[in-house]
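K.L.:
Fold the following.
(4 chains)
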Number of protein chains: 4
Amino acid sequence: MIVKMSRLATAEEVAAVEANLHGWGFKTGKMVGEEITLIGVYGDVSLLPIQELEVMAGVEALIPISRAYKRVAQKGSPGHPIHHTVKIGSVEVGGSELTVISGPCSVESEAQIMEAARMVKEVGGKALRGGVVKYRSSPYSGWEGIGSSSEEALRNGLKLIVKAGREFGLPTVVEILDPADVPVYEDMGVDCFQVGEPNSKNQALLNRLRDTTLPVIHKRGNSLDVEAYLLWVERVMATGKENVILCERGISSCNHYTRNTLDLGGIAAFHYQLSCLPVAVDASHGTGIRDLVHPMTLAGILAGASVVLIEAHPNPLIARSDGFQGLFPEQLRNLVTACQKVWEVRRRVEKLYIPSALLERDYEKRIPGDRKRFFGEG
Amino acid sequence: MIVKMSRLATAEEVAAVEANLHGWGFKTGKMVGEEITLIGVYGDVSLLPIQELEVMAGVEALIPISRAYKRVAQKGSPGHPIHHTVKIGSVEVGGSELTVISGPCSVESEAQIMEAARMVKEVGGKALRGGVVKYRSSPYSGWEGIGSSSEEALRNGLKLIVKAGREFGLPTVVEILDPADVPVYEDMGVDCFQVGEPNSKNQALLNRLRDTTLPVIHKRGNSLDVEAYLLWVERVMATGKENVILCERGISSCNHYTRNTLDLGGIAAFHYQLSCLPVAVDASHGTGIRDLVHPMTLAGILAGASVVLIEAHPNPLIARSDGFQGLFPEQLRNLVTACQKVWEVRRRVEKLYIPSALLERDYEKRIPGDRKRFFGEG
Amino acid sequence: MIVKMSRLATAEEVAAVEANLHGWGFKTGKMVGEEITLIGVYGDVSLLPIQELEVMAGVEALIPISRAYKRVAQKGSPGHPIHHTVKIGSVEVGGSELTVISGPCSVESEAQIMEAARMVKEVGGKALRGGVVKYRSSPYSGWEGIGSSSEEALRNGLKLIVKAGREFGLPTVVEILDPADVPVYEDMGVDCFQVGEPNSKNQALLNRLRDTTLPVIHKRGNSLDVEAYLLWVERVMATGKENVILCERGISSCNHYTRNTLDLGGIAAFHYQLSCLPVAVDASHGTGIRDLVHPMTLAGILAGASVVLIEAHPNPLIARSDGFQGLFPEQLRNLVTACQKVWEVRRRVEKLYIPSALLERDYEKRIPGDRKRFFGEG
Amino acid sequence: MIVKMSRLATAEEVAAVEANLHGWGFKTGKMVGEEITLIGVYGDVSLLPIQELEVMAGVEALIPISRAYKRVAQKGSPGHPIHHTVKIGSVEVGGSELTVISGPCSVESEAQIMEAARMVKEVGGKALRGGVVKYRSSPYSGWEGIGSSSEEALRNGLKLIVKAGREFGLPTVVEILDPADVPVYEDMGVDCFQVGEPNSKNQALLNRLRDTTLPVIHKRGNSLDVEAYLLWVERVMATGKENVILCERGISSCNHYTRNTLDLGGIAAFHYQLSCLPVAVDASHGTGIRDLVHPMTLAGILAGASVVLIEAHPNPLIARSDGFQGLFPEQLRNLVTACQKVWEVRRRVEKLYIPSALLERDYEKRIPGDRKRFFGEG
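P.N.:
Predicted structure coming up:
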């Protein structure tokens, strides 16, 4: 944290700010320029009494320099990061096993979701996904999900997927749109909330979810910078909730061939640098093209994902929503087989990963000698 | 190709256009609307005498509907694509082996490039890269490459990298900025031209390169849509040149954490859907962050790359350009080892890939039955 | 609308689809290709019995070709567009006068909002804006608005701005985040809902607002294409609501200098081509830089906005949120004066605007002669 | 400039760096953290002997904090900026008059460019534009400009536009693609070079142009941040060239309705904050839609442009390139009339513009009183 003093601030005002900071247990540094003075604050600034500080005479602005997402942030030390695990039902996510979550875009009927659950179970999936109230970009798409018309419809829709999940031993992941629906989801036995891309910045929904005990998969909004996204996730965790899963599902860019641009570099940044949370890759929405889901899901695992979301349908040609991206059953089976092979290699190649922090000091010491060898400089 | 007739076009004019198309050997279809008539042209429209057609009476516009990048495009049939190989020196690219191309951002001195070449050779790299004239976004960065000041300097710089490459049996890849320099590169024995991102749409340079025999690595411009990029690559191949390699190195997006957004979905589209050319991934420029190069290079291989470009330096802390993204030698060694493991798994999982075209007809046949089962419809 | 028939469709199935379409009162066209048949449907396709059509045997997909946002869309004829007006309290928006809506980012205290209302009234503003529950990207910004902590706080906060508005004869515009709060806003006498950028795709909120009678300012999400945004706005109007105002406030792009990229081309497209609704420009959020609000608000008026949203504060240096973009009172006064001058010139230059549709037929007739003159072609 | 010392730097090394900086005439500040020490350098850092500094023992990095584009940058003081003028032929650009530059996308024949020049002159245009070698995104567009096939064709094409310009007293602006063509353009009497969007980062071309005496219109690349673009422009001016004109013609974004997103906020930033150079707006390429050129050109003038580039054609329906965005002659006439009206109002409203720097100190003084009034704080 940097305290920027006003141009009009007196030396006494600067001294008073420093004294208070010291009194609160912080160390400080100071840079006095021609016009303004900056005071650096060292220590755990989440403990700073911000409101007292910002109204002190002469204080112009507080400039954060360390990351503002404390709970989302990666813990541990270079080469020894601590990654959290999250439970969805009885399934542990983010640990030593890859988690495959699959199912149709939407729950369409009891027969359909039951057959979808059987398909997911047979190929080795660990959880069942399926929407009961659907996002539709057009209000005239006609069908907004089996549970969209009333609370009763919502309860009936949730009942179908929960029943299918329990029949096949799969915990269920269902998207939620309205904060008022939280108790209904809990009551009907859903195992995990999903926050969809259009609601990634829905403050009312995120604030509501942080008071729940069920896990949350929080998808990244398609206009959110990597760190801006983590700040929205931090909102869900701000009061202590820990069971949150990150999910990359594509951002907007100059590219229009794929429906979105799946930012695997974001996944790598989350897993290797920025966050302690498990990371999911959703190549179905991230590409919007059925034939790219296979390679991009696998690539996502190597980028750092330990959870894969895959849309699939017993017959995607008759799916009522997003049918063009849902996999055929044979494709799902082969992709899950491939995922397991890639997960094995990921665990091996991760041991070959050397964070730069482990090497930098050594190479700093070599600088004089290397300068001389390469450039003849002394 | 669709021929859009003007609103004023007479029935005779429409008939004349159809007659000419038939005369040229094309089949046609027609859709007569309230205001305008569209004529569909079936067949290999690259054979159409466009200029004769577009000046015919009543013709308003020619609307392409199939892909405009014929030579770049994927050949073969679903499940049996034909991918080309390209030779860089004696190294075959795009075949059964992964190609690792590595080296420093810039050639800085004879000692430096010689040590870099040794490093690349020792870890199993197949070709040596290094810039002799460098892009610099600021004109005041001071140093624009060892070869930037004159043709003599350019020759001397190229001589250093070619010498280092030959010493260690590595063909050399060097970026070219000015069409006038082509003969100098050829004369000095460079093995492969590289077109950098800032020149991806440099028409004069691309037109000049299509008359060369050396291979070209053509990097994607950071504002280019997947298919727009392929059209620029088609320019290099338009008069028959075949030895061209695609390269994804990051596009611009709403994300600012990484220097660019490495579009691995683009790589998957190139390899699995759109192109017959080998595809390279450059995670060094694509992320701009040393510690993300490892996971993103590996992810790139699973997305579809068969060539990896990796910046590395004997001591990146004293590199004169882009030092923050160049790998330390230990990191390079481990990454190349990991690349080989991932390449092996890629070859296995690729066999599990099922293009939708192989399944669609079968699932179309099931539609009536599935509709009945899921929705009770007849 | 195009009906795409399956490759397996029989001639009888095609004929049955055509017969049904004719029976429903539509004209059709047909294009029979090698593999598939397309049936064009002419007429008001919003009257099509979509669900009956899409389950007919042989039908693969329905492809919309005209715009899917009927109610948002521009009416009238080229050169004679019909633009709607909307009432905010007693203020008519989108008619012959420019509407200036101003106020602070947040209601901070009774004294502050009262002074802000006085400031807005004095410079000629027509409505008062101010947030009572605030979006904050960080959960630790501390302050989330005077009304964020409980329903009672919300009621008290809304009471302050409504009181200030009524004191100075200004209707009030307040952002809403949670669908459950709609009755509270109505009850407290707010005159206009605002949907903020983060909620632009919040389906639950938009669905709830379409059942209200108050006007809605619906801001464009920063990742939404021009037409994708209009589809979300159409959602608010889908069941008959008409009093909606569009608002451009910046999209994400490769540019980082301004906080967002204010897409005035979008405003021009809304006003001159796509929509019947009044359009607002919000250069405060659109640039995020106080010193760019003046030129960009004025530019927005010429692009097509008839409403300007301007953040201002009696002393922005102590504003609790977004202080860096709020105008000083003197800047607001001068900007509103400038807006009036620009509005006058807009009304004059709009008369000089000639839609191409009024000229095209004439120039089509000149083609043969012009071809001969320019190219010597007959 | 900040000098970042290595973690291993000794106190002696820090002192030695400070001593050198003082010896070179700079003032310094210092912030000593737990791990690293930062030294701030005050003064005109363009005079710093960078290369001596960066090799001093203990120096890790030099971090620029002021703008790196000295020559492009705005001069003068807040409220009194100094803007440069540039001459194109005898036409002064960036002064008290608006400059309209118009003409067809391409020179197509002598008759066509002659009639285009007459059209431009009659409506009050000040300079004639027209391409002789054309960018084409597809290599198969067939026609790459009248001058594309050989140097002789280039000379003949340039001769046509120069002749037309001289006939009607209009200096000429022609795009250049290849550095080798510079002497040909000079020899044939072209009055101003244009660097097109695809070449905005073409280092070889920009380096070549800085040794010319003719003015240069340098278009912004569609992936360039506002300040990144100015650094590329700085390259053209780095060795002393002053007659350069900025041009905004659209960037890539999530919006696809318009061909590009015309970033008028960039124009406002250039004119009001960042640069001393005249700024042009090109709404023809910036929107790619004929019917949006009128409002967006006018909006561009209010954003800060003093030059407008408008594509127009005697009959755009037969233009060989970009015909869909070229104006009809009647549209051009009306738009130029409107531009003059808007330019008048721009000059009046610019007097109402108050930079914040003129108000900030005054409002800083009011803070204690305002805090007390609004928040009851002392």
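
K.L.:
what's the longest helix anywhere in chain A packed up against?
P.N.:
In chain A, taking DSSP state H as the definition, the longest helix is helix A:329-350. In this structure, helix A:329-350 makes packing contacts with strand A:99-103, helix A:110-123, helix A:293-303, strand A:307-311, helix B:329-350, judged by 3 or more CB pairs under 8 Å, 6 or more residues apart in numbering or on different chains; DSSP states H and E. Yep, even glycine has a C-beta here, placed from its N, CA and C like the rest.

K.L.:
Kindly provide the distance from the spatially closest residue to residue A:314 that is not a sequence neighbour to residue C:328.
P.N.:
Spatially, and ignoring its direct neighbours in sequence, residue A:314 is nearest to residue A:115 (4.6 Å; CB to CB, 6 or more residues apart in numbering or on different chains). Distance of residue A:115 to residue C:328, given as CB to CB, to the nearest Å: 65 Å.

K.L.:
follow-up on the earlier one: determine which stretch of the helices and strands packed on helix A:329-350 is the most buried.
P.N.:
Among these, helix A:293-303 has the highest mean neighbour count (mean count of other CB atoms under 10 Å in any protein chain shown), at a mean of 30.

K.L.:
Name the spans of the stretch 101-250 of chain A whose pLDDT lies under the cut-off.
P.N.:
Residue ranges of the stretch 101-250 of chain A with pLDDT under 70: A:135-138, A:140-143.

K.L.:
Could you rerun that using 90?
P.N.:
Residue ranges of the stretch 101-250 of chain A with pLDDT under 90: A:133-150, A:238-239.

K.L.:
Tell me the residue of it that sits nearest chain B?
P.N.:
residue A:226 (3.7 Å; CB to the nearest CB).

K.L.:
ok, that residue - contacts?
P.N.:
Taking CB atoms under 8 Å, 6 or more residues apart in numbering or on different chains as the contact definition, residue A:226 lies against A:263, A:266, A:269, A:270, A:274, B:255, B:256, B:257, B:258.

K.L.:
re the thing from before, and the residue nearest to residue A:314, what is it in contact with?
P.N.:
Shown in contact with residue A:115 (CB under 8 Å, 6+ apart): A:314, B:373, B:374.

K.L.:
give the contact list for the first one.
P.N.:
Spelled out, it's residue A:314. With contacts defined as CB under 8 Å, 6+ apart, residue A:314 is in contact with A:104, A:112, A:115, A:116, A:119, A:329, B:370, B:374.

K.L.:
what's the offset of stretch A:243-255 from the middle of its chain?
P.N.:
The chain centre lies 8 Å from the centre of stretch A:243-255; the measure is CA atoms, centre = their mean, to the nearest Å.

K.L.:
That one and chain B, any residue contact?
P.N.:
Yes - against chain B, stretch A:243-255 shows contacts by CB under 8 Å from any CB of the partner chain at A:251, A:252, A:253, A:254, A:255.

K.L.:
Now do the second one against residue B:76, distance only.
P.N.:
I take that to be residue A:252. In terms of CB to CB, residue A:252 sits 33 Å off from residue B:76.

K.L.:
These two: who's more crowded?
P.N.:
A count of neighbours by other CB atoms under 10 Å in any protein chain shown puts residue A:252 above the other of residue A:252 and residue B:76, at 27 against 10.

K.L.:
contacting residues for that one?
P.N.:
Contacts of residue A:252 by CB under 8 Å, 6+ apart are A:222, A:223, A:260, A:261, B:253, B:254, C:223, C:252, D:254.

K.L.:
wait, the last one sits on residue A:223?
P.N.:
In this case it means residue D:254. Yes - between residue D:254 and residue A:223 there is a contact at 7.0 Å, judged by CB atoms under 8 Å.

K.L.:
Find the residues that touch each one of those two.
P.N.:
By CB under 8 Å, 6+ apart, the residues touching both residue D:254 and residue A:223 are A:252, B:254, C:222, C:223, C:251, C:252.

K.L.:
nearest spatial neighbour of the first one, skipping sequence neighbours?
P.N.:
Pointing back at residue A:252 there. Counting by CB to CB, 6+ apart, residue D:254 is the residue found nearest to residue A:252 once chain neighbours are left out, at 3.7 Å.

K.L.:
Give me the phi and psi angles of the one you found.
P.N.:
phi -70, psi -10 (degrees, to the nearest 10).

K.L.:
measure residue A:194 to residue A:11 for me?
P.N.:
In this view, residue A:194 and residue A:11 are 55 Å apart by CB to CB.

K.L.:
More neighbours: these two, which one.
P.N.:
Using other CB under 10 Å as the criterion, residue A:194 and residue A:11 rank with residue A:194 on top: 23 against 10.

K.L.:
and the one helix or strand the more buried one maps to, what other elements does it pack with?
P.N.:
Assessed by DSSP states H and E, residue A:194 sits inside strand A:192-195. Packing partners of strand A:192-195 (3+ CB pairs under 8 Å, 6+ apart): strand A:172-175, helix A:203-209, strand A:216-219.

K.L.:
Contact residues of the stretch 51-200 of chain A facing chain B?
P.N.:
When proximity is defined as CB under 8 Å from any CB, the stretch 51-200 of chain A approaches chain B at A:108, A:109, A:111, A:112, A:115.

K.L.:
Pull up the gap between the residue nearest to residue A:376 when sequence neighbours are not counted and residue B:353, please.
P.N.:
Leaving aside its sequence neighbours, residue A:376 sits nearest to residue B:109 (CB to CB, 6+ apart; 8.0 Å). For residue B:109, the distance to residue B:353 (CB to CB) stands at 46 Å.

K.L.:
rewinding a little: now, the most widely separated pair of the residues of stretch A:243-255 next to chain B?
P.N.:
Every pair in the residues of stretch A:243-255 next to chain B was compared (CB to CB); the two farthest apart turn out to be A:251 and A:254, at 11.2 Å.

K.L.:
Now list whatever residues contact both of the two.
P.N.:
Here residue A:251 and residue A:254 have residue B:253 as joint contacts, going by CB under 8 Å, 6+ apart.
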